[in-house]
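Chemist: Got a sequence here, can you model it:
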Amino acid sequence: MKKLLLAGKTILGAGLLILCLQSCKNETKQEDPKEVAEDANEAKFDSIDSKEDDSEFLVDQAEVNLAEIEIGKLAQTKSTNAEVKKFGKMLVDEHTKSASEVSALAKAKNFTLPTSLTEDGQEEYNKLNKKTGVDFDKKFADLMIDGHEKAIKKLEKAAKDANDQEVRTWAANNIAGLTAHLEHAKLLKQNLDKK
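Modeler: So this is what the prediction gives:
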């Protein structure tokens, strides 16, 4: 009986040691800013699904704005094409304005947002940054088309389905602007494909 009890304590002790080591190992990896924001909102609004859905939408919008701003800055510094540089500046200006609006709306609703580039955003940025010349410009245009198509779908869904009237209104009011960005990106891609 004593041997069985001792063996049980040894197994329990080893299990706790493994858990502690695993926990310590995980602490060194910085969490993705989007996940941190989503976890904070989930904790605040766990019992209120309507707020959780709206907070996820605003977290997504903040993520888009952060990525577009950084990629826009990169386009301004790395591209040699005047149209790409101009588009990059427009992205920085427009998405900085949008980020401010999203931040104010989130603050009013007590939602937490990411404040730095997310892992996905950083990955896209790094892939683009490896390109040069016309390859850079074409990859930039492709990213802008893909990113804006996805963002418009999320805006359209939120404009219809968001629970909060202010969130629905903000989403509806921003569809036209992102649609203009998308059309501009498609035109830019057409011109780049001719090169």
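Chemist: Leu178 - how many residues pack around it?
Modeler: Per other Cβ atoms under 10 Å, the neighbour tally for Leu178 reads 22. Yep, even glycine has a C-beta here, placed from its N, CA and C like the rest.
Chemist: who touches the most centrally placed residue in the chain in this structure?
Modeler: Per Cα atoms, centre = their mean, the C-alpha nearest to the average position across the chain is that of Glu63, at 2.4 Å. Each residue near Glu63 by Cβ atoms under 8 Å, 6 or more residues apart in numbering is listed here: Lys34, Pro114, Thr118, Asp120, Gly121.
Chemist: who wins for most neighbours among these?
Modeler: Ranking the contacts of Glu63 using other Cβ under 10 Å puts Gly121 first, with 24 neighbours.
Chemist: any idea which helix or strand carries the closest residue to that residue other than its chain neighbours?
Modeler: Residue nearest to Gly121 in three dimensions, not counting chain neighbours: Ala67, with 3.7 Å by Cβ to Cβ, 6 or more residues apart in numbering. Using DSSP states H and E, Ala67 sits within helix 49-78.
Chemist: and the residue nearest to Gly121, how far is that from Phe140?
Modeler: For Ala67, the distance to Phe140 (Cβ to Cβ, to the nearest Å) stands at 12 Å.
Chemist: Would you mind pulling the contact partners of stretch 85-99?
Modeler: 61-62, 64-66, 68-69, 71-76, 79, 140, 144, 174, 177, 181, 184-185, 188.
Chemist: Let me know the average pLDDT across it.
Modeler: For stretch 85-99, the mean per-residue pLDDT is 96.
Chemist: when you give positions from now on, start the count at 676
Modeler: Renumbered: residue one is now 676, and that last one reads stretch 760-774.
Chemist: List the buried residues in it.
Modeler: With burial defined by 16 or more other Cβ atoms under 10 Å, the residues of stretch 760-774 counted as buried are Lys760, Phe762, Gly763, Leu766, Val767, Glu769, His770, Ser773, Ala774.
Chemist: Domains in this structure, by residue range?
Modeler: 676-705, 709-868 (automatic domain parsing).
Chemist: pLDDT on the shortest one, on average?
Modeler: Confidence over domain 676-705 (mean pLDDT, whole number) is 45.
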